[in-house]
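**Student:** here you go, sequence then predicted model.
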Amino acid sequence: MVYSWEELSQQIEAEVNKHDFSGKPAELYDPIGYTMTLGGKRIRPTLCLLAAQLFSGDLQKAMNLALAVEVFHNFTLVHDDIMDEAPIRRGKPAVHAKWNRDVAILSGDVMFVQAYQLLAKGNPEKLSQMLTVFNQTAIEVCEGQQFDMNFETQTGVQVSDYIEMIRLKTAVLLACSLQLGAFEAGASEKDAQLIYEFGEKIGIAFQIQDDFLDCYAKQEDFGKRVGGDIISNKKTFLMLTALEKSDKEQIEKIKSLMSTGTTDEQKVAGVLEVYNELNISEVTKTAMQAYFEEAMLALDKIEATSEFKQPLVELAEMLMMRKK
């Protein structure tokens, strides 16, 4: 039987909900259970199971690896919320807001260790390879986060710099999730590398899509304020592309909007006007499609039947067509 990505996502949700994250002292462990049951798309663990399925692996054995990447991902969100001083996560109070900053840091640290505990339950013959990719991914995610923070004050950031940042901050964890599932199932080194490339390219396209939706999503679909990245002066794919393509007058207009006391509505409208003059919407869609096609090319090279590849294709297409 070949499971759809929706079916595997439901299996992961059930596994998360029945997993025991409790412990003593409660102040340390309660935030972990709280974080893990806030929901979310469960994209990363689903990719892990899809890769295991692709190579005819045992999905139950791969479940611990799927949980490992989901615990690690949520650990990064707990610490991201502290750094961003974000009070809300998935419509609920962030851990540092519900408890306090110190509790959030410490609980996040435990989640990081728990991810390794789950990872250690993987195929013992492949554990060295799993640890290598997981450790490298953990470092790269931190590198990506630091680059992202640097960009807030750094001048001269190029589109290529931004692509590398989102590769590190977002894409490598999707790629790692897939490769862990492939390792568990005994995939060849060639196929394990190809599934990594698939995840990496999809991850970059996924983040560019996020940037696009922030400017062009319908408010009723998006779930948060459209134009938030513009209001916060965030260096996104769209903004950096616009700055690279703008003439002197357009650059001055953008800089003026970013620095003067215009209202949020005026700021968003003014920047979008420049984007429209430069056809940034289409440029962004073209970039997303290019990375998507690179991902599909990598998937196509993998030694597996189209029937087992189809759930991965459908999940990738969903990520590219989503409205929020």
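**Tutor:** Arrived safely. Numbers count the residues shown, from 1 in each chain.
**Student:** which helix or strand in this protein has the lowest average pLDDT?
**Tutor:** The helix or strand of the chain with the lowest confidence, counting by mean pLDDT, DSSP states H and E, is helix 219-222 at a mean of 65.
**Student:** in whichever helix or strand comes after that helix, what's buried?
**Tutor:** Once the chain leaves helix 219-222, the next helix or strand it forms, by DSSP states H and E, is helix 228-231. By neighbour count on 16 or more other C-beta atoms under 10 Å, the buried set for helix 228-231 is 229, 230, 231. The way it works is simple: take the backbone N, C-alpha and C, and place the C-beta from them, glycine included.
**Student:** from residue 105, how far out is the last one?
**Tutor:** Note on residue 231: its distance to residue 105, by C-beta to C-beta, to the nearest Å, is 28 Å.
**Student:** check the second one too.
**Tutor:** In this structure, residue 230 and residue 105 are separated by 31 Å, where distance is defined by C-beta to C-beta.
**Student:** tell me the mean pLDDT over the strand or helix carrying residue 161?
**Tutor:** According to DSSP H and E, residue 161 maps onto helix 159-166. The pLDDT scores in helix 159-166 average 98.
**Student:** for it, which outside residues touch it?
**Tutor:** 144, 147-148, 151, 203-204, 207-208, 235-237, 240-241, 244 (C-beta atoms under 8 Å, 6 or more residues apart in numbering).
**Student:** try it again with 10 Å
**Tutor:** Applying C-beta atoms under 10 Å, 6 or more residues apart in numbering, the external contacts of helix 159-166 come out as 143-148, 150-151, 154, 157-158, 171-172, 203-208, 210-211, 235-245, 287, 291.
**Student:** what of stretch 120-129?
**Tutor:** Here stretch 120-129 makes contact (C-beta under 10 Å, 6+ apart) with 57-58, 61-65, 67-68, 119, 130-131, 134, 179-187, 189, 192.
**Student:** narrow those residues to those in helices?
**Tutor:** The helices, defined by DSSP state H, take in 61-65, 67-68, 119, 130-131, 134, 179-184, 189, 192 from the contacts of stretch 120-129.
**Student:** now, of those, which are buried?
**Tutor:** Looks like the ones in helices among the contacts of stretch 120-129 have 62-65, 67-68, 119, 130, 134, 179-184, 192 buried, using 16+ other C-beta under 10 Å.
**Student:** farthest pair within the residues you listed?
**Tutor:** 67 and 192 (20.3 Å; C-beta to C-beta).
**Student:** from the contact counts, what lies against the host helix or strand of residue 269?
**Tutor:** Assigned by DSSP H and E, residue 269 belongs to helix 264-277. Contacts defined by 3 or more C-beta pairs under 10 Å, 6 or more residues apart in numbering; DSSP states H and E place helix 264-277 against helix 189-216, helix 228-231, helix 237-245, helix 248-259, helix 280-300.
**Student:** okay if I get those as TSV plus distance to residue 35 and mean pLDDT?
**Tutor:** Output for the helices and strands packed on helix 264-277, formatted as TSV (distance: least, C-beta to C-beta, whole Å; pLDDT from 0 to 100):
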stretch	distance to residue 35	mean pLDDT
helix 189-216	21	96
helix 228-231	23	92
helix 237-245	29	97
helix 248-259	34	90
helix 280-300	29	97
